[in-house]
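Engineer: Any chance you could fold what I've pasted below:
(2 chains)
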Protein chains: 2
Amino acid sequence: MLRTHTCGELRMSEVNQSATLCGWVQKIRDKGGMIWIDLRDRYGITQLIFEEGKTDAAVIAKARSLGREFVISATGKVQERLAKNDKIPTGDIEISVDDIQILNPAKLPPFLIEDDTDGGDELRMKFRYLDLRRNTVRQNLALRHKVAQQTRIYMDANDFIEVETPVLIKSTPEGARDFVVPSRMNPGEFYALPQSPQTFKQLLMVSGFDRYYQIVKCFRDEDLRADRQPEFTQIDCEMSFVEQEDVLNMFEGLIRHLFKTVKGIDLPEVPRMTYADAMRLYGSDKPDTRFGMQFVELNDLVQGKGFQVFDDAELVVGIKADGCAEYTRKQIDELTDWVKRPQIGAKGLVYIRVNTDGSIKSSVDKFYTPEDLQAIAARFEAKPGDLILILSGTKDKARKQLNELRLEMGSRLGLRNPEEYKVLWVLDFPLLEYGEEEQRWFAMHHPFTAPKPEDLALLDKDLGQVRANAYDLVINGTEVGGGSVRIFQKELQGKMFEILGFTPEEAKKQFGFLMEAFEYGAPPHAGLAFGFDRLCAIFGGADSIRDFIAFPKNNSGRDVMIDSPSTLHEDQLKELNIQVR
Amino acid sequence: MLRTHTCGELRMSEVNQSATLCGWVQKIRDKGGMIWIDLRDRYGITQLIFEEGKTDAAVIAKARSLGREFVISATGKVQERLAKNDKIPTGDIEISVDDIQILNPAKLPPFLIEDDTDGGDELRMKFRYLDLRRNTVRQNLALRHKVAQQTRIYMDANDFIEVETPVLIKSTPEGARDFVVPSRMNPGEFYALPQSPQTFKQLLMVSGFDRYYQIVKCFRDEDLRADRQPEFTQIDCEMSFVEQEDVLNMFEGLIRHLFKTVKGIDLPEVPRMTYADAMRLYGSDKPDTRFGMQFVELNDLVQGKGFQVFDDAELVVGIKADGCAEYTRKQIDELTDWVKRPQIGAKGLVYIRVNTDGSIKSSVDKFYTPEDLQAIAARFEAKPGDLILILSGTKDKARKQLNELRLEMGSRLGLRNPEEYKVLWVLDFPLLEYGEEEQRWFAMHHPFTAPKPEDLALLDKDLGQVRANAYDLVINGTEVGGGSVRIFQKELQGKMFEILGFTPEEAKKQFGFLMEAFEYGAPPHAGLAFGFDRLCAIFGGADSIRDFIAFPKNNSGRDVMIDSPSTLHEDQLKELNIQVR
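Structural biologist: I've put the predicted structure just below:
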């Protein structure tokens, strides 16, 4: 090794020992004949000291030739520091340097390598290898490593076997767009990259693997909204001979294990909520339950009193913001503008203010008597000082809009602390949802999800009412995992494909191997997958997954560091039997 | 859970308890009013028993309706078996069944689910999900899981951090062909799938990650010889501030850890051999050292005696096969034909037989005196009963051919036991090799490998003589890993690209980001990668990697189970801005 110790290792116990360290020059101070250098590596920072008159003059000259981020090795004696630094573990000691060696010089980096950098996003991504030198980013990746380690420890202890499934698979029309790979050896044919190992893990259940998992890269060629990546990582799991309850318990166990080992948090039992309740109380299938502010429906109280907007609405629904009666007219106007923005799309916002003296003031005073308003306030259990905010419209839209408003109010009121964790199971999702545009039914999770046995008969009557044995795990309003009990009978799977608009030929072409596998003894099975990048970001208390991925792509799917994607040589295209249009 | 126990779990201690098992019907015997069923799951086999008169008649009827590979659940009482089976851990007990439930019927599988199957290769691959039910294949994948687990335990304990590098990267002209992925969002541009994470792991060293590893999928679009796969898995590693010796020690440690924990073998210290010695003594850079039979060079002894073939040869070289003097003329003719096959390409084979009486008989008696032949035999330290086999020609060809013959003789003499392990480091590879066809130099490992410091001056004089700080790990004649000390200075990397025929523009376009990274403080670093599939196959005592991959592709790169690759819809191609030629 070029070093005897790392930069995070030396303590008082090593004083008077000789040591050689290697690392990057973090900081140089040169004052009054003394030079101090902070030398940094992955493990920490150690101070080097050079003294005119004591240190060899040539070594001092070399030290003065150094710049930030130079890579050096330094040899000297460990000594006690005069001015100790109790902020770093090596702060009691320093190295009195006898010799240094410049292993590689460095140009001045385009931004400072500090915890908070002044490099803009584009610059940081172009020089990602420098960005990764920052403590914060490196700690994110260390956290990611730990989450993966602890996941494997839990899964291995529970008899799951990690099996690698293929990356070069077959394109399927259902779901998001596939990335495809032309096959040179099979001209005109293409592989696809997996959106998930779904069918392979189901085949492993047919094979009798019983308990499978994999921490695995998946790929979706979607238009990238903020914080989506074309390649992402899943913790992918599947179990045989189980029911929904077994899966929930097993993976609640995993989440509790991760919270305990990664965050030191004893997570209480994870509450459960049906999809129907989540939509009714939060207007979302992934409610942020760090705060209350549940929806209150008002149709029976407010309709038929002459206020046309409410009378015409399918749903009138509101939330109560505690202590917000003090909001000024201006603040409420601003909130009204906020919900009317195109992204939210509300027509207007009705407020009812319960003043601290108990009197009530609202934006609909001319339609409702004080008694009407008192009755509404009572349904919200509003106290003096509270503010009630009400939206109306179709059920879907009003809920969606109020969900946005609720989250916004939660943020404004400081109720969404990223270091506080509320975990929730959402259950009983609808099996299917209707695509108005495409005029056909789509699988809400995917085509392999089993209907609830008690809803099977509805498959021939009312597709919109069929519930699935499907479940999502939600942390702080973010879906971090989801799964389902799977269909394992050929007939039911065939029927499902039919409902989704596949012709029998299409179904056979795309999923013939799965349907055939179901004929050779498929066990009942169920599973789920966690979004690993997202889970790491949540454990890191961050909103964005980008800083938990070593080399992420930007919103155009580009890696600006390596400048990819890029054009190919004509020869290469020819060999692959394709051409650019 | 649909079961109370697995099929591998019950023992005498559970006798008289009630149990419910789930699994596949492995075997049914129906004789004299008794029915026995072997029920199988991942964990083992348990015998179910049904008795006319005792078991409910409807249950008996149901048992008689079962076929092989039906998925059932069976409930009953654990009882001691009359005829115990000491070959399986559950062999002392059986379940006296009260009730069974058919969870899924099964068609008769196209081949038997037994350790040795009669399914041909194509059939096994088409029904891979059934093939994976076989114990042998499942055990291979369990072994693979264990090798991965133990690799991570060792790497984690040595402060390596697992970092996921991207799968959608940039095509590079050097090395094997890339698989490419058209980018929909960047029309006319393509990603490439990584042949290895080489540049990313080097960038992680520039970032100061210090010790990196990853068990990672890699991709090469090569014509598939037997036992190559277009997607394969590597254990990929890199370290900073180290020299070659540190890397050898670290990863010798990993290999010893794996042998100990996976195979229970205490591996002795791994011997080292230079590339030059390996070529001289074995004609191969991956010698199988389970047996000796080292090459002996004979030019000085055999040339100038009038035998034109030897006189014209650049190299005359032979091996000694102990105890093979008894080979008949016919056997030696057959060996001669074997080395003359086009795959080997030798012109002929000279033999010298040291008879048990000490006399010598050879195929070149008319050119050499008995004393000449005795001198040759003496150089081989041949004993009575030994057979000497000699090839000649250019140095490269003679060595290559004799390597094949040596391996063949080793196999014929039973010297290559797959359960015996000989591990070897091969060091000091040439940095470059000349491609006669392309008339240019190629990197023997890859363009990032550092020349030996003492050979640096040769870069301007004699490229063929420059040795690299590169090393391979060889087990039983198979290269399972390789790596090198890397170039970390911009100038040297630039020179290397120049030697490999890159114009400065090409070098910048392809590797500009790496060259630039080297300007911002790159540490000295080195690393290596193991072929994970190959390593697992060797631990499994098998020749083929295919049975250690859950869903392998055939020699045309096809997955015959899912029928991939396949054609795409025209719409999909249009969206990707490409068309098939």
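Engineer: Do a quick rundown of the strands in the stretch 351-500 of chain A.
Structural biologist: Per DSSP state E, counting those that start in this stretch, the stretch 351-500 of chain A carries strands over the ranges A:360-362, A:387-393, A:423-427, A:432-435, A:440-443, A:470-475, A:478-485.
Engineer: Which strands border the last one, and is each parallel or antiparallel?
Structural biologist: So the one you mean is strand A:478-485. strand A:470-475 (antiparallel), strand A:525-531 (antiparallel) (DSSP bridges).
Engineer: Could you do the fifth one as well?
Structural biologist: Here strand A:440-443 has these sheet partners by DSSP bridges: strand A:432-435 (antiparallel).
Engineer: what is the mean pLDDT for the partner strand?
Structural biologist: On average, the pLDDT along strand A:432-435 is 93.
Engineer: roughly how far is it from the heart of the chain?
Structural biologist: From the chain centre to the centre of strand A:432-435 is a distance of 25 Å (CA atoms, centre = their mean, to the nearest Å).
Engineer: what stretches of the stretch 1-150 of chain A score poorly on pLDDT?
Structural biologist: A:118 (pLDDT under 70).
Engineer: in it, which spans are strands?
Structural biologist: Using DSSP E, counting those that start in this stretch, strands in the stretch 1-150 of chain A cover A:18-31, A:34-41, A:44-51, A:71-80, A:93-104.
Engineer: The residue lying closest to residue A:53 once chain neighbours are set aside: neighbouring residues, count only.
Structural biologist: Among residues not flanking residue A:53 along the chain, residue A:33 sits closest, at 7.1 Å (CB to CB, 6 or more residues apart in numbering or on different chains). (Each C-beta comes from the backbone N, C-alpha and C, glycine too.) The tally of other residues near residue A:33 (other CB atoms under 10 Å in any protein chain shown) stands at 12.
Engineer: in the stretch 201-350 of chain A, what residue is nearest chain B?
Structural biologist: The nearest approach of the stretch 201-350 of chain A to chain B comes at residue A:207, 3.7 Å away (CB to the nearest CB).
Engineer: Can you give me every residue that contacts the nearest residue to that residue once chain neighbours are set aside?
Structural biologist: Distance criterion CB to CB, 6+ apart; nearest residue to residue A:207, sequence neighbours excluded, is residue B:132 at 3.7 Å. Counting by CB atoms under 8 Å, 6 or more residues apart in numbering or on different chains, residue B:132 touches A:204, A:207-209, B:138, B:141, B:550.
Engineer: quick one: which of these has the most company?
Structural biologist: Taking other CB under 10 Å as the neighbour criterion, residue A:207 ranks highest of these with 28 neighbours.
Engineer: can I assume it is in contact with residue B:133?
Structural biologist: Yes. Here residue A:207 reaches residue B:133: they are 5.4 Å apart, a contact under CB atoms under 8 Å.
Engineer: still on that earlier bit, now tell me which of the contacts of residue B:132 the prediction trusts least.
Structural biologist: residue B:138 (94).
Engineer: what residue ranges in the stretch 151-300 of chain A score low on pLDDT?
Structural biologist: A:174, A:226.
Engineer: Name the surrounding residues that touch stretch A:262-271.
Structural biologist: By CB under 8 Å, 6+ apart, stretch A:262-271 touches A:143, A:146-147, A:150, A:252, A:255-256, A:259-260, A:289, A:421, A:423-425, A:473, A:539.
Engineer: If we use 7 Å, what do you get?
Structural biologist: Contact partners of stretch A:262-271, identified using CB atoms under 7 Å, 6 or more residues apart in numbering or on different chains, comprise A:146-147, A:150, A:252, A:255-256, A:259-260, A:421, A:423-425, A:539.
Engineer: Buried among those? Make that a ChimeraX selection.
Structural biologist: Only the buried entries of the contacts of stretch A:262-271 go into this ChimeraX selection, using 16 or more other CB atoms under 10 Å in any protein chain shown:
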select /A:146,147,150,252,255,256,259,421,423,424,425,539
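Engineer: Share the number of residues neighbouring residue A:107, please.
Structural biologist: Neighbour count of residue A:107, defined by other CB under 10 Å: 13.
Engineer: Quick check: it touching residue B:518?
Structural biologist: No. Contact criterion CB atoms under 7 Å: residue A:107 and residue B:518 do not qualify, at 10.1 Å.
Engineer: residues contacting the nearest residue to residue A:2 once chain neighbours are set aside?
Structural biologist: In space, and not counting its chain neighbours, residue A:2 is closest to residue B:241: 4.4 Å by CB to CB, 6+ apart. Residue B:241 is in contact with A:1-3, A:22, B:523-524, counting by CB under 7 Å, 6+ apart.
Engineer: Could you work out the most separated pair of those?
Structural biologist: A:1 and B:523 (12.1 Å; CB to CB).
Engineer: for chain B, what are the nearby residues on the stretch 1-150 of chain A?
Structural biologist: Taking CB under 7 Å from any CB of the partner chain as the contact definition, the stretch 1-150 of chain A meets chain B at A:1-3, A:22, A:24, A:41-42, A:69-71, A:103-104, A:106-107, A:109, A:129-130, A:132-133, A:141-142, A:145, A:148-149.
Engineer: can you pull the contacts of the residue of the stretch 401-550 of chain A at minimum distance from chain B?
Structural biologist: In the stretch 401-550 of chain A, the residue that lies nearest chain B is residue A:521 (3.5 Å; CB to the nearest CB). Under the criterion of CB under 7 Å, 6+ apart, the neighbours of residue A:521 are B:24, B:69-71, B:104, B:106.
Engineer: repeat that for 8 Å
Structural biologist: A:206, B:24, B:69-71, B:104-106.
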